[in-house]
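A.B. asks: predicted model follows, preceded by the sequence.
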There are 2 protein chains.
Amino acid sequence: MIEVTTGSAAERVEASLRRSIIALDVLPGTRLSEQEIAVRHGVSRQPVREAFIGLSRTRLVEVRPQRGTVVTKISVPRLMQARFVREAIETAVVRRACETFDPASRRRIDDVVALQAERAALGDHAGFQRADTLFHAALAEGAGCALAWESVRDVKAHLDRACQLTLADPATMLPLVEQHRAILAGLDARDPDAAAEAMRHHLWEIVRALPRAEARYPDLFE
Amino acid sequence: MIEVTTGSAAERVEASLRRSIIALDVLPGTRLSEQEIAVRHGVSRQPVREAFIGLSRTRLVEVRPQRGTVVTKISVPRLMQARFVREAIETAVVRRACETFDPASRRRIDDVVALQAERAALGDHAGFQRADTLFHAALAEGAGCALAWESVRDVKAHLDRACQLTLADPATMLPLVEQHRAILAGLDARDPDAAAEAMRHHLWEIVRALPRAEARYPDLFE
DNA sequence: GGCGTCCGACTTGTATGGTAGTGTATGCAT
DNA sequence: ATGCATACACTACCATACAAGTCGGACGCC
């Protein structure tokens, strides 16, 4: 549970909670107690409070004054908007990547994709998603859009959480790796339209998988 | 200086500081003291600290542990990235707006543009920028992208701060109003390409004006 | 039995004191 | 005069105590 050791106590608690929330270790709707989390992490309430504030900024939790803090339920409209934002930014990123792309980043991405394929074959959700984040982050960095990635990261958290419900066996993960390869193919061919279209198709995957997840776990949605 | 009266003390202080920073009432590079700001706002240090954390998330201030908190200098690369993100999101927004747009929002926007033209004619920077924010926010809301606007707001803060250096007299503001009208013209014509191109041109304005500002106020840049 | 009120056990928000680290100034030795 | 060690002022960070609000249940009353 608690393994981050760098940074301030508040940052450690926030990172720990964020991971737990995205991994659905704590389910949407769960009430979070400053007091309880404080003792579990061996810190006082103050750092926990600051962690809550940070998480509430990305709407992963909702702090209701004097009433309590709860993990936000999965909101379909929010997911649609998150996908919209990601499509807008990341298609623009790959288009720029087709113009100029850092060769060193290009080589690293191959390793990331290989790693992700391996994790997918093993059915390792967490490792798969870490690799997915690395892929998209490296893409942005290689294109010289490292700062733009910051805007993506926040909205991606919500999508990642929902993906926990849709990723089951390797059969559901491997197609996503193929989509990554398709994006890279467009990039290598310096074909902006192809790369952007591959990215768009990739980001629409969640929309296709979402209805089944919502039907199966209605309690996690609002 | 202190006029916000809603929300917690931390939120009030953060909003107050954010406005002061964007308006360049406190210049980039200024050291901020928890103690001093606390007494100026009549609160304790804790809410001020939380305000600092919030501002540091959008990189308006930089908190250096045990060393102090300073207002970040204006970073040209960050501005370029902010423009990139805004172009990606907001061109996507106006394209969607060309498909469906809430009529009530459309009427409101006319009022906003009129208000902005009035502020521009009076040379009222603050009012002009408030109206500018209203314009872009209403555009997103009318297109059903209210949540996407949240992603824009953070990066827009940096651009707004830089604009304080470029907006001088009505002659520099009125063209921006015309650009807003051009965007609306594309929207009304249901012409996505025209609307997106108008938006792109509008967002490039800062790039054209930036070199003069940097040459004139080098101390404010990093 | 049903309803209204009050009290108490929670919650988050705020204030304050103490701690550890950093930068700077000062005084001393060279 | 210069280089270095030490003391001090200042910072952010954290822990603790207190305040203010909310929710639920027990109790008395109708």
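C.D. replies: The structure has been received and is ready for your questions.

A.B. asks: how about stretch A:120-140: buried residues?
C.D. replies: Residues of stretch A:120-140 classed as buried by neighbour count (16 or more other CB atoms under 10 Å in any protein chain shown): A:120, A:124-125, A:128-140. (Glycine included, C-beta is placed from N, CA and C.)

A.B. asks: can you tell me what sits against it?
C.D. replies: The contact list for stretch A:120-140 (CB atoms under 8 Å, 6 or more residues apart in numbering or on different chains) reads A:22-23, A:90, A:93-94, A:97, A:105, A:108-109, A:112-113, A:115-116, A:119, A:146, A:148-149, A:152-153, A:156, A:160, A:163-164, A:167, A:169-170, A:173-174, A:176-177, A:180, A:183.

A.B. asks: would you enumerate the residues in contact with the residue in chain A sticking out farthest from the centre?
C.D. replies: Here the centre of chain A is the reference, and by CA atoms, centre = their mean the most remote residue is A:Gln66, at 30.4 Å. By CB under 8 Å, 6+ apart, the contact set of A:Gln66 is empty.

A.B. asks: relative to chain B, which of the buried residues of stretch A:120-140 is nearest.
C.D. replies: The nearest member of these to chain B, counting by CB to the nearest CB, is A:Ala140 at 10.0 Å.

A.B. asks: can you show me the strands along chain A?
C.D. replies: Ranges of strands in chain A, per DSSP state E, are A:31-32, A:61-64, A:68-71.

A.B. asks: hey, C-alpha coordinates of the last one in PDB?
C.D. replies: Below are the C-alpha coordinates for strand A:68-71, written out as PDB (Å, rounded to 0.1, in the frame of the first residue of the first chain):
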ATOM      1  CA  GLY A  68     -16.900  14.000   4.400                       C
ATOM      2  CA  THR A  69     -14.800  13.000   1.400                       C
ATOM      3  CA  VAL A  70     -15.900  10.400  -1.000                       C
ATOM      4  CA  VAL A  71     -14.300   8.800  -4.100                       C
END
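
A.B. asks: avg pLDDT for it?
C.D. replies: Mean pLDDT, computed over strand A:68-71, is 96.

A.B. asks: that one near DNA strand D anywhere?
C.D. replies: No: in terms of CB under 7 Å from any atom of the strand, no part of strand A:68-71 sits within range of DNA strand D; the closest distance is 7.8 Å.

A.B. asks: quick check: buried residues in that strand?
C.D. replies: A:69, A:71.

A.B. asks: ok, now which ones touch the residue lying closest to A:Ser56 once chain neighbours are set aside?
C.D. replies: Using CB to CB, 6 or more residues apart in numbering or on different chains and skipping the chain neighbours, the partner closest in space to A:Ser56 is A:Val63 (4.9 Å). Residues near A:Val63 by CB under 8 Å, 6+ apart: A:52-53, A:56, A:69.

A.B. asks: need the residues you listed in TSV (columns: distance to A:Gln81).
C.D. replies: Output for the contacts of A:Val63, formatted as TSV (distance: CB to CB, whole Å):
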residue	distance to A:Gln81
A:Phe52	23
A:Ile53	22
A:Ser56	18
A:Thr69	23
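
A.B. asks: which of those lies closest to DNA strand C?
C.D. replies: A:Thr69 (3.8 Å; CB to the nearest atom of the strand).

A.B. asks: would you confirm that the closest one contacts A:Ala51?
C.D. replies: No: using CB atoms under 8 Å, A:Thr69 is not in contact with A:Ala51; the gap is 10.1 Å.

A.B. asks: isn't A:Thr172 right up against A:Thr166?
C.D. replies: Yes: A:Thr172 is within contact range of A:Thr166, at 6.6 Å (criterion: CB under 8 Å).

A.B. asks: quick one: common contacting residues for those two?
C.D. replies: Overlap of the contact sets of A:Thr172 and A:Thr166 (by CB under 8 Å, 6+ apart) consists of A:Ala209.
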